[in-house]
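> okay, predicted coordinates and the sequence, questions at the end:
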There are 2 protein chains.
Amino acid sequence: MSDGRSSAASSGESLLFLTDEQLRQGIEAMFFAYRGFTADPDRILSDMAYGRAHHRAVHFINRAPGTTVNNLLNILGVTKQSLNRVLRTLIADGLVESRVGRLDKRERHLHLTEDGRVLEGRLSDAQRARMRAAFRDAGPEAVSGFRTVLEAMMDSEMRRAYTKLKENGV
Amino acid sequence: MSDGRSSAASSGESLLFLTDEQLRQGIEAMFFAYRGFTADPDRILSDMAYGRAHHRAVHFINRAPGTTVNNLLNILGVTKQSLNRVLRTLIADGLVESRVGRLDKRERHLHLTEDGRVLEGRLSDAQRARMRAAFRDAGPEAVSGFRTVLEAMMDSEMRRAYTKLKENGV
DNA sequence: CTTGGAATGTCAACAAGGCTGACTTAAAGT
DNA sequence: ACTTTAAGTCAGCCTTGTTGACATTCCAAG
C-alpha cells in the first residue's frame, strides 16, 4: 500500500478507478462536498440558537412522524443524553411535541408542531435547492452512480435504516 | 415546493430524478454515507488523544507539504485559532514540523515528521479501504457519477481548492 | 528611515455538542 | 414480586468550533 496504484492490475480489466490516487480524490471530494451540503441550513440555523444537531432531529421527526426517542437515537447514532439536550430545547420552543404512547406508555412519540414544520421546510428547501442544482448539473446517470456509491459506503446498519426510510417514503 | 414533485414535468424530458422525494433520498444518503466515511479513522483516533480535526490537518499537510498555515486555513474552512490548537498538539507530539518561512518570516511552512507520516498512513489506509470497497462494489460508471455530483455540490471556492489539489497530485 | 497598516500566527476564554457514568421514574414482562 | 426496558436528568469531561486581544513581521508612504 502507500503510494501509487496498489490495487490496479489485479485483474485483466481496467481497474484504474481503484488506484490510491483515485481513492484519495474520492475522499477529498466527499470532504469538500459535505461542507457544501451542510452550508445552507447551517447559515439559517446560526441566526437562531440552533445547530446542526437540531436540524437532524427535526429532519428525521418530520420524516417519520410519531417515531420514538429510541428509534431516533438509532438513526442519529448519538447518545440519549446528547439527543435529549437538543430535544428539550425544541420542545420548550414549541417546535416538537412529545406524546406519551398509547400502547406502551413508557414510549414518547415525537411530532413536529406547525412551527416545527415551518422550520423544517425552510431548512430542507435550502438543502434541496443545492442538491437539485447539483443533480441537474450532473444528470440522471451521474445521480444514479452517486447514490450507488454512497449506499456502498454506509455501514450495514445504516444502510438498513436508510433503506427503511426510503421505502417508507414512496 | 414542499411536497410531491416540484420540478418534474417542467420539460419534455424525464426529470423524475429531480423530484423532492429523490432529492430527500440523496440528502439522507449523504448523511448516512458520511458517517461511514469517517467511522474507521475515528476509531483509530479515539484510541489516541486526537479527533477528526487532527486527521484533516495531517491529511492536507501530507497532501501539500510545506503549505502555510493560512493556506491550510482556507482548505479546511475553520478559523486560524481553531486550527492552531490542533497544530500545536501535533507539533508538541512530534508529528508535524513548523518551519519559519525563509522568504517571509511571518509564514510557517508545515511538514509531517516520520511519525506523522506513519499516522497519516494508518488513517488513510483505513479510509481508503472503505472507499475502495465501495468503489469496487459500485463499478467505474457509478464512481464517475459519484464524483460528478459531489463536485457539483461544492461551493465554487471549495471546488477550486479541490481541483487544484487534484491537478497537483497526478 | 521611520512609522502605520496589513498579514501571519499565538494565547485565552467561551459555547455547542459529542461522550461516560450514576441515578430516577414509570411501565411492561415474566 | 422482581427484572427489564424506555425515557429522562444531573454532573462532568473532551473536541472543536467561535471571538477578542496581542505579538511579530513585512511593506509601502511619507
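Arrived safely, thanks for sending.
> for the residue positioned nearest the centre of chain A, which non-adjacent residue is spatially closest?
Closest residue to the average C-alpha location of chain A: A:Arg56 at 7.1 Å, with CA atoms, centre = their mean. Leaving aside its sequence neighbours, A:Arg56 sits nearest to A:Leu76 (CB to CB, 6 or more residues apart in numbering or on different chains; 5.8 Å). Where you see a C-beta, it was placed from the backbone N, CA and C, and this is true even at glycine.
> need phi/psi at the one you found.
Phi and psi for A:Leu76, reported as degrees, to the nearest 10, are phi -80, psi -20.
> burial measure for it, as a count.
Look at A:Leu76: counted by other CB atoms under 10 Å in any protein chain shown, it has 19 neighbours.
> please tell me I have it right and it contacts A:Leu87.
No. Applying CB atoms under 8 Å, one finds A:Leu76 not in contact with A:Leu87, separated by 10.6 Å.
> now the common contact residues for those two.
Listed as contacting both A:Leu76 and A:Leu87 by CB atoms under 8 Å, 6 or more residues apart in numbering or on different chains are A:Ala57.
> how close does the residue nearest to A:Arg56 sit to DNA strand C?
8 Å (CB to the nearest atom of the strand, to the nearest Å).
> for that residue, what are its contacts?
A:56-57, A:60, A:83.
> among those residues, which two are most distant?
A:Phe60 and A:Leu83 (10.5 Å; CB to CB).
> and for the two, which residues touch both?
Common contact partners of A:Phe60 and A:Leu83 (CB under 8 Å, 6+ apart): A:72, A:76.
> the residue of chain A found nearest chain B: which element?
Here chain A gets closest to chain B at one residue, A:Gly145, 2.4 Å apart by CB to the nearest CB. Assigned by DSSP states H and E, A:Gly145 falls within helix A:140-153.
> what helices or strands is that helix leaning on?
helix B:20-46, helix B:114-138, helix B:140-153 (3 or more CB pairs under 8 Å, 6 or more residues apart in numbering or on different chains; DSSP states H and E).
> and after it, which helix or strand comes next?
Note on helix A:140-153: by DSSP H and E, the next helix or strand toward the C-terminus is helix A:156-168.
> pLDDT at whatever residue of chain A ends up closest to DNA strand C, what is it?
Nearest residue of chain A to DNA strand C, counting by CB to the nearest atom of the strand: A:Gly51, 1.5 Å away. Looking at A:Gly51, its pLDDT stands at 94.
> list the contacts of the nearest residue to A:Gly116 once chain neighbours are set aside.
Excluding the flanking residues, the one nearest A:Gly116 by CB to CB, 6+ apart is A:Leu95, at 3.7 Å. Counting by CB under 8 Å, 6+ apart, A:Leu95 makes contact with A:58, A:112-113, A:115-116, A:119.
> also A:Arg130?
Per CB under 8 Å, 6+ apart, neighbours of A:Arg130: A:36-37, A:39-40, B:153.
> neighbour-wise, give me the winner out of these.
Neighbour max across the contacts of A:Arg130 (other CB under 10 Å) = B:Met153, 27 neighbours.
> returning to what we had before: per-residue confidence at the closest residue in space to the residue of chain A closest to DNA strand C that isn't next to it in sequence?
Leaving aside its sequence neighbours, A:Gly51 sits nearest to A:Leu45 (CB to CB, 6+ apart; 5.9 Å). At A:Leu45, the model reports a pLDDT of 94.
> residues in contact with A:Leu45?
Contacts of A:Leu45 by CB under 8 Å, 6+ apart are A:51-52, A:54-55, A:123.
> out of the residues you listed, which are buried?
A:54-55, A:123 (16 or more other CB atoms under 10 Å in any protein chain shown).
> need these in JSON lines (columns: distance to DNA strand D and pLDDT).
Converted to JSON lines, the buried ones among the contacts of A:Leu45 look like this (distance: CB to the nearest atom of the strand, whole Å; pLDDT from 0 to 100):
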{"residue": "A:His54", "distance to DNA strand D": "15", "pLDDT": "97"}
{"residue": "A:His55", "distance to DNA strand D": "16", "pLDDT": "97"}
{"residue": "A:Leu123", "distance to DNA strand D": "19", "pLDDT": "96"}
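> any low-confidence regions in chain A?
A:1-13, A:169-170 (pLDDT under 70).
> if we use 90, what do you get?
The model of chain A has pLDDT under 90 over residues A:1-16, A:46-49, A:166-170.
> thinking again about what came up before, which one of the contacts of A:Leu76 has the most neighbours?
A:Ala57 (25 neighbours).
> is it true that it touches A:Leu87?
Yes. Between A:Ala57 and A:Leu87 there is a contact under CB under 8 Å: 6.4 Å.
> between those two, which contacts overlap?
By CB under 8 Å, 6+ apart, the residues touching both A:Ala57 and A:Leu87 are A:Val96.
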